[in-house]
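*Asks:* quick one, what's the 3D model for this:
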Amino acid sequence: MNTTSAPATSAASAASAAPAVPKRKPARDRLLQAAAEEFYAQGVTGTGIDTIIATAGVAKKSLYNNFDSKDALVAAYLEERHREWLALFEDRLANAETPTARVLAVFDAYADHANAEYRDGWRGCGLLNAAAELPVGHPGRAAVRAHKDEVEGLLRAQLAEIVEAPEALAAHLSLLLEGSMAKSGLEGTDAWVLRARGLAEALLHP
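*Replies:* Reported below is the predicted structural model:
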């Protein structure tokens, strides 16, 4: 009886039974995740590079291999927040079956944003919070403005299915939305965003 293959078989079985070790995220991804957590919780100016590095669990060299400066990291953080919100909106839009629902999908996406998990709780729009800390002329402020302009453009595009001249109403709903975000951030809940959604719906169906 040949038994020479038994140890190899046992070793193979043991290897296949061993739990897979999770692959570690690239340093850039970990730095962006740390920036999102710390910038949102402590503010952009209140968060130093050393805090980002410690939270990400990377060497300082890794940060500067991926970002030229803190400003570059801030810019990447703002862009990532923009993409996150667009993904929420696209999910809502995909399930909106009427023109009105497609307009309200913008408000729903902001409510989803408010209900995401945050280490120290919801404290308002991360983009506006960052812009408030940045000096006039900083490219980060332009990035935030571009995001807000795009949101108004999305409202305008959906309103075009309902009204002939959507510009004024899109501006109205944009201001309603931003005001509700400011109030929601102060109170730490989505209550004002949902209230603004109701007001928007009433404007669409007077």
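*Asks:* helix or strand right after the top helix by length along the chain?
*Replies:* In the chain, taking DSSP state H as the definition, the longest helix is helix 70-94. The helix or strand immediately downstream of helix 70-94 is helix 99-114, counting by DSSP states H and E.
*Asks:* show me what that next one is packed up against.
*Replies:* helix 70-94, helix 139-159, helix 167-187, helix 191-204 (3 or more Cβ pairs under 8 Å, 6 or more residues apart in numbering; DSSP states H and E). Bear in mind the C-beta positions are built from the backbone N, C-alpha and C, glycine included.
*Asks:* may I have that helix as PDB, with CA atoms only?
*Replies:* Only the C-alpha atoms of helix 99-114 are listed here, as PDB (Å, rounded to 0.1, in the frame of the first residue of the first chain):
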ATOM      1  CA  PRO A  99     -40.500  63.200 -13.200                       C
ATOM      2  CA  THR A 100     -41.300  64.400  -9.800                       C
ATOM      3  CA  ALA A 101     -39.600  61.400  -8.100                       C
ATOM      4  CA  ARG A 102     -36.500  62.200 -10.300                       C
ATOM      5  CA  VAL A 103     -36.400  65.700  -8.900                       C
ATOM      6  CA  LEU A 104     -36.800  64.500  -5.400                       C
ATOM      7  CA  ALA A 105     -34.100  62.000  -5.900                       C
ATOM      8  CA  VAL A 106     -31.600  64.800  -5.300                       C
ATOM      9  CA  PHE A 107     -33.100  65.400  -1.800                       C
ATOM     10  CA  ASP A 108     -33.200  61.700  -1.200                       C
ATOM     11  CA  ALA A 109     -29.500  61.400  -2.000                       C
ATOM     12  CA  TYR A 110     -28.700  64.200   0.500                       C
ATOM     13  CA  ALA A 111     -30.800  62.400   3.200                       C
ATOM     14  CA  ASP A 112     -28.900  59.200   2.400                       C
ATOM     15  CA  HIS A 113     -25.700  61.200   2.800                       C
ATOM     16  CA  ALA A 114     -26.900  62.400   6.200                       C
END
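*Asks:* quick revisit: which residues touch the longest helix of the chain?
*Replies:* By Cβ atoms under 8 Å, 6 or more residues apart in numbering, the residues outside helix 70-94 that reach it are 31-32, 35-36, 39, 44, 49, 52, 63, 67, 102, 105-106, 108-110, 112-113, 126-127, 130, 134, 138-140, 143-144, 147, 150, 154.
*Asks:* try stretch 153-171
*Replies:* Taking Cβ under 8 Å, 6+ apart as the rule, stretch 153-171 contacts 89, 99-100, 102-103, 105-106, 152, 173-174, 177, 203-204.
*Asks:* between the residues you listed, which is nearest Trp122?
*Replies:* Of all those, Trp122 sits closest to Leu177, with 15.7 Å by Cβ to Cβ.
*Asks:* by mean pLDDT, flag the weakest helix or strand of this protein.
*Replies:* In the chain, the helix or strand scored least confidently by mean pLDDT, DSSP states H and E is helix 6-17, which has a mean of 52.
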